[in-house]
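K.L.:
Provided below are the primary sequence and the corresponding predicted coordinates.
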Amino acid sequence: MLSARAFSRRFLGDPVAVGAFVIVVAVGAMVLSAPWLAPQNPYDPLQIDLMDAEMPPSWMPGGDPRFLLGTDEQGRGVMSTIMYGTGISLLIGFGAVVVQSFIGISLGLIAGYRGGWIDAFLMRLADIQLSISTLMLAIIAMAVFSAAFGPETYRDLAIFMLIVVIGIAEWPRFARTVRASVLAEKKKEYVDAARVIGLSPGTIMRRHILPNTMTPVLVISTIQVAEAIVTEAALSFLGLGMPVQQPSLGALIRSGFEVIFSGSWWITLFPALMLMLLILSINLLGDFLRDTLNPKLRRGED
Amino acid sequence: MHILAFLIRRLFQAVIVMLIISIIGFSIQDQLGDPLRELVGQSVSEAEREALRDRMGLNDPFWTQYLRFLGNALGGDLGTSYFFKKPALEVILAKFPATFELVLGATFLFVSASIPGGIYCAIRPRAWLARFIMAGSIIGLSIPIFLTAIFLIWIFAVELGVMPSFGRGETVTLPWGWRTGFLTRDGLLHLVLPSISLAAIMLPLFIRLIRAEMIETLSTEYVRFAWAKGLAARRVWFVHAFRNTLLPVVTVGGLQIGTLIAYTILTETVFQWPGMGFMFLEAVKRVDTPLIIAYIIVVGMIFVIVNTIVDLVYTLINPMVKLPGAQG
């Protein structure tokens, strides 16, 4: 473990990490202030005019100063849809990681502490699930849901379903990490001491072992948020995620791609840049945390 | 003998996984609408419907219906597509060559780029080019595959107009019914952008993997011994070190098949490539239940076969692996 001072010294000495952090904070601030700062509320039909559809960015011929980054095919300002859409992407990303970490940490604690057949079963399940790949599982699950519910119900449930599906699909990463830490912690004397004074297994797991597994959990959480955002974007791009009326970045890219052949590149390009910037910054931040806090944890090679 | 025991064990596992997939597939069928509605119109009375349901066995218990489904599936009958009015399996198998050739094209590209790239980054880790490749691979990992595909279309098809943007182009039907795009100039031209998109997402992963394995091998005893013997650098790198990084790379690579199939769905959607993935999404939009289930089962089958082969190859090649079935 690192002291807070040593950590901040490392952080400030790493311009890439500082840059990535600044970008993530700036994006977060932009999302939270969207209701006040966005030129337009893209969810309010009264503020949208079809006459404004497909206008290029304001610095190009035919552009309008009201729409800095142009408008989409429904007349919504691209800047406003990005400010709101990024919020939805982040919400689903964080929500999915909360679900993942809840399931993953619980099952990882049980597998590591109990051992035996329960451990063997859970880890085998994790292996199978990881080898099928999150995206494949999520595509099939969302495809079945969208076909089963019909478009209207599906539209209302989309955010919720995305969080749950991406959350369930990725629990093995947390479970494996937590299990590995638990196996290392379990042998230590403080756990024996806790057992000797008669604490229940549940209390030992929650109050004594869990806090000592938090560093690797923090490291993977960061990268998992980026992964969840990409998965959501891919699903929405396929039309299995957020609907056009309440678009995330992936849904914006999808609707932009539909008109790219008419030359309206700005509807696709700006949300795409936003998505890449966000994912790259979170990944770089995650790489920094991993290298600093837990040099042994290597991404994708566990 | 041991190999045989291992093989049987592996086949048994594969059968269990397929059974689970088929149960999932079948329960989906139960959830997605009423098959009767697809067959008869609204005009049929409730009593007649009920009689028809009885006759078709739709009122039977779940497991009776499942066993019937399984029996049909084993005979190659996965139901009839509502939209195409043809057997679902036939529809999918007709789309298989397109997806297979796309994967083959992409594999060719990323293998021929990641091997030299990965080796170079391992033997010259401090060179500026190696640093550039590694930094590029982090950025590459952050670009979702559908964005690579969209950018390629935008630049080469829309702005420059030098590349086709959708479909497979001209194809030739081979004697055994396989439609290939490899044999015509037009078909190959159509393959370029989709393969590059698919390869671009796998490339950073494999460069990092080869580099990591190679660095590890280079620090082993036998490589140091080879250096001490005074062997030429090329011989140590390519014969002694690289050959031994191949095994983990092939197995880890083989286990990416699930991800690869998911990526084909995305690539095929962007390029309207007439393969299985594109067909699957169309089937979802049309709520063509038999086709959705048939896709899940065929993809599950491909997944199980590839995983079994990778496991087998790994066990056969690597003398250090003890066969799990051999201890008994």
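P.N.:
Looks like it arrived, so ask away. Residues are numbered from 1 along each chain as shown, chains lettered A, B, ... in the order given.

K.L.:
what about the chain, any weak spots by pLDDT?
P.N.:
By default, I'm working from chain A. Filtered on pLDDT under 70, chain A yields the residue ranges A:1-2, A:294-302.

K.L.:
look at chain B instead
P.N.:
Per-residue confidence of chain B (counting by pLDDT under 70) places the weak regions at B:1, B:30-44, B:56-57, B:317-328.

K.L.:
So the residue nearest to the spatial centre of it versus chain A, what's the distance?
P.N.:
With distances taken as Cα atoms, centre = their mean, the residue of chain B nearest its centroid is B:I261 (3.4 Å). B:I261 is 6 Å from chain A, where distance means Cβ to the nearest Cβ, to the nearest Å. Heads up, the C-betas are built off the backbone N, CA and C, glycines and all.

K.L.:
buried sites along the helix or strand hosting that residue?
P.N.:
Secondary structure assignment for B:I261, by DSSP states H and E: helix B:257-271. Of the residues in helix B:257-271, those with enough neighbours to count as buried (16 or more other Cβ atoms under 10 Å in any protein chain shown) are B:257-271.

K.L.:
In the chain, spot the helix with the most residues.
P.N.:
No chain in the question, so chain A it is. helix A:78-114 (DSSP state H).

K.L.:
if you could check chain B rather than the one you did, that'd help
P.N.:
With DSSP H setting the assignment, residue counts place helix B:88-123 as the longest helix in chain B.

K.L.:
Quick check: buried residues in it?
P.N.:
Buried residues in helix B:88-123, counted by 16+ other Cβ under 10 Å: B:88-89, B:91-103, B:105-107, B:109-110, B:113-115, B:117-123.

K.L.:
heading toward the C-terminus, what's the first helix or strand past the host helix or strand of A:L218?
P.N.:
According to DSSP H and E, A:L218 maps onto helix A:214-237. Toward the C-terminal end, the helix or strand that comes next after helix A:214-237 (DSSP H and E) is helix A:249-257.

K.L.:
now the angle from the helix or strand following that next one to helix A:249-257?
P.N.:
Next in sequence after helix A:249-257, counting helices and strands by DSSP H and E, comes helix A:266-293. Computed by axes from the mean of the first three to the mean of the last three Cα atoms, to 10 degrees, the angle separating helix A:266-293 from helix A:249-257 equals 150 degrees.

K.L.:
Thought A:M83 was touching A:V27, still the case?
P.N.:
No: judged on Cβ atoms under 8 Å, A:V27 makes no contact with A:M83 at a distance of 9.8 Å.

K.L.:
So if I had to pick from those two, which one is more boxed in?
P.N.:
Comparing A:V27 with A:M83 by other Cβ atoms under 10 Å in any protein chain shown, the one with more neighbours is A:M83, at 23 against 20.

K.L.:
how about the residues of chain A that lie near chain B?
P.N.:
With the criterion set to Cβ under 8 Å from any Cβ of the partner chain, chain A comes near chain B through A:128, A:131-133, A:135-136, A:139-140, A:143-144, A:146-148, A:226, A:230, A:233-234, A:237-240, A:253, A:257, A:260-261, A:263, A:265, A:268-269, A:272, A:275-276, A:279-280, A:283-284, A:287, A:298, A:300-301.

K.L.:
In ChimeraX, how would I select just the buried ones from those?
P.N.:
Here the buried members of the residues of chain A next to chain B are turned into a ChimeraX selection, burial being counted by 16+ other Cβ under 10 Å:
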select /A:131,132,133,135,136,139,140,143,144,146,147,226,230,233,234,237,238,239,240,253,257,260,265,268,269,272,275,276,279,280,283,284,287
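
K.L.:
With adjacent residues omitted, what lies nearest to residue 87?
P.N.:
Using chain A here. Taking Cβ to Cβ, 6 or more residues apart in numbering or on different chains, and ignoring the residues beside it in sequence, A:G87 has A:V31 as its nearest neighbour in space, at 4.1 Å.

K.L.:
Chain B was what I was after
P.N.:
Closest residue to B:P87 in three dimensions, ignoring its sequence neighbours and counting by Cβ to Cβ, 6+ apart: B:T80, at 5.8 Å.

K.L.:
ok, now B:S137?
P.N.:
The shortest distance from B:S137 to any non-neighbouring residue, by Cβ to Cβ, 6+ apart, is to B:P204 (3.6 Å).

K.L.:
Would you confirm that B:P97 contacts B:W176?
P.N.:
No: with contact taken as Cβ under 8 Å, B:P97 and B:W176 are classed as non-touching, separated by 10.5 Å.

K.L.:
Please list the residues of the stretch 51-200 of chain B that sit near chain A.
P.N.:
Applying the criterion Cβ under 8 Å from any Cβ, the portion of the stretch 51-200 of chain B that neighbours chain A consists of B:138-139, B:141-147, B:150-151, B:153-154, B:158, B:165.

K.L.:
rerun at 6 Å
P.N.:
B:142-144, B:146-147, B:150, B:154 (Cβ under 6 Å from any Cβ of the partner chain).

K.L.:
what's the most distant pair in those?
P.N.:
Spatial extent of those (Cβ to Cβ) is set by the pair B:S142 and B:W154 at 18.7 Å.

K.L.:
Give me the most central residue, chain A.
P.N.:
Within chain A, one residue has its C-alpha closest to the average C-alpha position: by Cα atoms, centre = their mean, that is A:G93, at 2.5 Å.

K.L.:
That one contacts A:A228, correct?
P.N.:
Yes: with contact defined as Cβ atoms under 6 Å, A:G93 reaches A:A228; the gap is 4.4 Å.

K.L.:
show me what contacts residue 133?
P.N.:
Since no chain was named, I'll use chain A. For A:S133, the contact set (Cβ atoms under 6 Å, 6 or more residues apart in numbering or on different chains) comprises B:258-259, B:262.

K.L.:
ah, I was thinking of chain B
P.N.:
B:117, B:121.

K.L.:
chain center to the host helix or strand of it, what's the gap?
P.N.:
Under the criterion DSSP H and E, the helix or strand holding B:I133 is helix B:128-141. Going by Cα atoms, centre = their mean, to the nearest Å, the spacing between the C-alpha centre of helix B:128-141 and its chain's C-alpha centre is 26 Å.

K.L.:
do the same with stretch A:99-118
P.N.:
Stretch A:99-118 sits 22 Å away from the centroid of its parent chain (Cα atoms, centre = their mean).

K.L.:
on that earlier part again, need the residues that contact the helix or strand hosting the residue nearest to A:G87.
P.N.:
Element membership for A:V31, per DSSP H and E: helix A:15-32. Contacts of helix A:15-32 with the rest of the structure, by Cβ under 6 Å, 6+ apart, involve A:11, A:83, A:86-87, A:278, A:281, A:284-285, A:288.

K.L.:
next helix or strand past that helix?
P.N.:
Downstream of helix A:15-32, the first helix or strand assigned by DSSP H and E is helix A:34-37.

K.L.:
What are the buried residues along that following helix?
P.N.:
Neighbour-count burial for helix A:34-37 flags A:A34 (criterion: 16+ other Cβ under 10 Å).

K.L.:
ok, now how distant is the residue lying farthest from the centre of chain B from B:R53?
P.N.:
Most distant from the centre of chain B: B:A47, at 46.7 Å, with distances by Cα atoms, centre = their mean. The span separating B:A47 from B:R53 equals 11 Å under the rule Cβ to Cβ, to the nearest Å.
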